[in-house]
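Novice: My questions are about this predicted structure, shown below with the sequence.
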Amino acid sequence: MAIWPEERVAAAAEGDLDTVDMTVNVGPQHPATHGVFRMVLTVDGELVVDCEPYIGYLHRGLEKLSENADYRQAMGWWDRTDYLAGMCCEGAYTMAVEKLAGIEVPDRAEYIRVIMMELSRINSHFMFLGAFGADVGSFGTSFVYAWRERERLYDLIEEVAGDRMFPTYFRVGGVTMDLPDNFESRCRWVLGSVRQGLEDLDGLLTGNEVFVERCRGLTPVTPEQAIAWGFTGPMLRATGVPWDIRKAEPYSVYPSLDFEIPVGLQGDVFDRFHVRLAECYQSARIIEQCLDEMPGGRVLAPKLPKTLRIDEGELYFPTEGTKGEYGVYLMAKGGTNAYRAKLRSPSFCNLSALRDLVVGSYVADAIIILGSLDIVLGEVDK
Amino acid sequence: MSAEARTAEPEIAALVRERLPDVPFEVSETKTYTDLRVAPEHLLALATGLRDDPELAFDLLRNVVALDMEEAGLEAKYHLYSFPHGHALQITVAAPIPGCELPTLTGLYPAANWHEREAAEMVGLVFTGHPDPRNLLLEEDLRIHPLRKAHPLQKPEILQGIEDGPPGVEV
């Protein structure tokens, strides 16, 4: 007796067999979602027909806590948003407070900050390069390559700030303490090792035909779409728009530094990968220029008030975070606390277009597309 | 600075007034961008004009901030950026007092979708016409607005060893 009726076998051969959509729950505890993120995929065979993202599992009330803490105390919470690049978040928050309060920062502190922010950027991009390789199918190899360099970067950050992931090294008006004695030689050595690591990863992934075949041409995004969805950072630059806030609305000492903005060609998954890879080289260039031009002097502004009170005012201060535009909105009403603090999180905005990117692709590609967004859930959920 | 220069409007506000003469708004300065304060009924007209006028061309909605201004009610702030011209500004809208309703900008800027969902759950703004007005970061059936000033910050609570207290701490 045949298990399949004759007419169904015939229909299957012609490709018009009725199928039932199936719901697949991915996450929140799943390595492919890069954190506590959940998406419910509706699949028709291997094809994704609907995707519903659910976020908020890591919501810690950053904004409420910042309104209830002193301007300086609140900085510790901002570290924990993009926890792969804590220094970039600290930088955005402290620069916003300084601008609101009108505090000048010594030159040396500005250079130290840029070095630390760019080291964090490399660190975060290495996390992406390693994890993305694993998403696509290089199993642990790319991950271990990336981890070797991240360990060296974390060691360097620990030598400077005393902590690896959540350094709270920046202060309103400068940085906590000066660099250690042998920092310059150590930093140059780490940058050499980072360049070697990038070449290794480039050879391992870009030199791999399977990797390139799976990423090339997957969900190309036009610049118009990217801007409408609110993409910023590498996601936008992959589409070919050379927009970087470090150049477009510069802050700190970036205007005096020489670096390029890598862009992609068609905004597909491969371009997103390649833009981040190329950005690491530019960050290394920035750090070397800062080491060359490092001025002497103080690292913390003199005569800072014991209690920071800021007169009535508001500002929106955008910076180039590792994932895109990391903006801080602050409103002051004369007290020691911010009246309102709001984070414009780049991962949050990039992730909001997930449904449009994933629908129509295969299930296995959906994981790669999610990986190519390079989200960090601490920042999405605030 | 001369008296004239002080009373003159910032460049971008003057440009908006010239290009969109039908939309009334008040101009003020923040530490970074020019702020245009507009009435809720003119928000859609202003946003449409800002996006579609070739001289203005604000094509990126970068941020939406929802505020609880206590007696003054709820407010929303929109931050816009223009890629063709490289200029940026902020729009402030005070929501009408009993309803707290504002028109949604999702029709103009798809990026507004999640921003507005977050603003709605956090302070209780209502975006009329929003395609998906569910909670985003909070639980779906939760009807509290944590970023209202009246909402208290929870005190730390001890979940273990309540009878004895943790070592060295008196309960």
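Specialist: Structure's in. What do you need?

Novice: Relative to chain A, how far out is B:V64?
Specialist: According to C-beta to the nearest C-beta, to the nearest Å, B:V64 and chain A sit 9 Å apart. Placement of C-beta: from N, CA and C, glycine included.

Novice: per-residue pLDDT, the residue in the stretch 51-200 of chain A that chain B sits nearest to?
Specialist: Closest approach between the stretch 51-200 of chain A and chain B, counting by C-beta to the nearest C-beta: A:G56, at 3.9 Å. Model confidence at A:G56, given as pLDDT, is 88.

Novice: now do B:E9
Specialist: 70.

Novice: mind listing what residue 39 touches?
Specialist: Unless you meant another one, I'm taking chain A. By C-beta atoms under 8 Å, 6 or more residues apart in numbering or on different chains, the residues touching A:M39 are A:V26, A:G27, A:T33, A:C51, A:E52, A:P53, A:Y54, A:L354, A:V358, A:L370.

Novice: actually it's chain B I care about, not the one you picked
Specialist: Counting by C-beta under 8 Å, 6+ apart, B:A39 has contacts B:P24, B:V93, B:A94.

Novice: quick revisit: surely the residue of the stretch 51-200 of chain A closest to chain B meets B:L142?
Specialist: No - A:G56 lies out of contact with B:L142 (C-beta atoms under 8 Å); the separation is 10.2 Å.

Novice: show me where chain B has strands.
Specialist: B:26-29, B:34-38, B:60-68, B:74-81, B:88-94, B:101-103, B:126-128 (DSSP state E).

Novice: which stretch among those strands comes nearest A:T336?
Specialist: Set against A:T336 and scored by C-beta to C-beta, the strands of chain B come closest in strand B:60-68, at 19.0 Å.

Novice: Centre of the chain to the closest one, how far?
Specialist: 4 Å (C-alpha atoms, centre = their mean, to the nearest Å).

Novice: re the thing from before, for PyMOL, write the selection for the buried entries among the contacts of B:A39.
Specialist: Burial among the contacts of B:A39 is assessed by 16 or more other C-beta atoms under 10 Å in any protein chain shown; the matching PyMOL selection reads:
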select buried, chain B and resi 93+94
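
Novice: least confident pick among the contacts of B:A39?
Specialist: Where pLDDT dips furthest among these: B:P24, at 86.

Novice: Run a quick neighbour tally on residue 36.
Specialist: All of this refers to chain A. If you count neighbours by other C-beta atoms under 10 Å in any protein chain shown, A:V36 ends up with 18.

Novice: wrong chain, I was asking about chain B
Specialist: B:L36, neighbours per other C-beta under 10 Å, totals 23.

Novice: what about the residue nearest to it when sequence neighbours are not counted, distance to chain A?
Specialist: Sequence neighbours aside, B:F25 is the residue nearest to B:L36 in space, at 4.5 Å (criterion: C-beta to C-beta, 6 or more residues apart in numbering or on different chains). Distance, B:F25 to chain A, using C-beta to the nearest C-beta: 17 Å.

Novice: Is it correct that B:F25 is in contact with B:R37?
Specialist: Yes - at 6.1 Å, B:F25 counts as touching B:R37 under the criterion of C-beta under 8 Å.

Novice: Compute the first-to-last residue distance for stretch A:260-269.
Specialist: 21 Å (C-alpha to C-alpha, to the nearest Å).

Novice: rewinding a little: what's the closest of the strands of chain B to A:G61?
Specialist: Closest among these, using C-beta to C-beta: strand B:60-68, at 14.6 Å.

Novice: report the angle between the axes of the closest one and strand B:74-81?
Specialist: Strand B:60-68 and strand B:74-81 are oriented at 160 degrees to each other (axes from the mean of the first three to the mean of the last three C-alpha atoms, to 10 degrees).

Novice: List phi and psi for the closest residue to chain B within chain A.
Specialist: Of the residues in chain A, the one nearest chain B is A:G230, at a distance of 2.9 Å by C-beta to the nearest C-beta. A:G230 adopts backbone torsions of phi 80, psi 20, taken as degrees, to the nearest 10.

Novice: unless I'm mixing things up, it is touching A:F348, no?
Specialist: No - the criterion here is C-beta under 8 Å, and A:G230 misses it with A:F348 at 9.1 Å.

Novice: Looking at these two, which has the bigger crowd around it?
Specialist: Neighbour totals were compared for A:G230 and A:F348, and A:G230 leads with 28 against 24 (other C-beta under 10 Å).

Novice: gap between the nearest residue to the more buried one once chain neighbours are set aside and A:E98?
Specialist: The spatially closest residue to A:G230, leaving aside those adjacent along the chain, is B:A111, at 2.9 Å (C-beta to C-beta, 6+ apart). B:A111 is 29 Å from A:E98, where distance means C-beta to C-beta, to the nearest Å.

Novice: same thing with A:A32?
Specialist: 40 Å.

Novice: So these two - more neighbours on which side?
Specialist: A:E98 (20 against 16).

Novice: helix/strand/coil for the more buried one?
Specialist: Recorded secondary structure, A:E98: helix (DSSP: H, G, I helix; E, B strand; the rest coil).

Novice: I figured it was touching A:V105, is that so?
Specialist: Yes - taking contacts as C-beta under 8 Å, A:E98 lies within contact range of A:V105: 6.3 Å.

Novice: how about the residue in chain B that chain A sits nearest to, what does it touch?
Specialist: Closest to chain A within chain B is B:A111: 2.9 Å, counting by C-beta to the nearest C-beta. B:A111 sits next to A:A228, A:W229, A:G230, A:C349, A:S352, B:L60, B:L61 when contact means C-beta under 8 Å, 6+ apart.

Novice: Since that was my last question, I'll sign off now.
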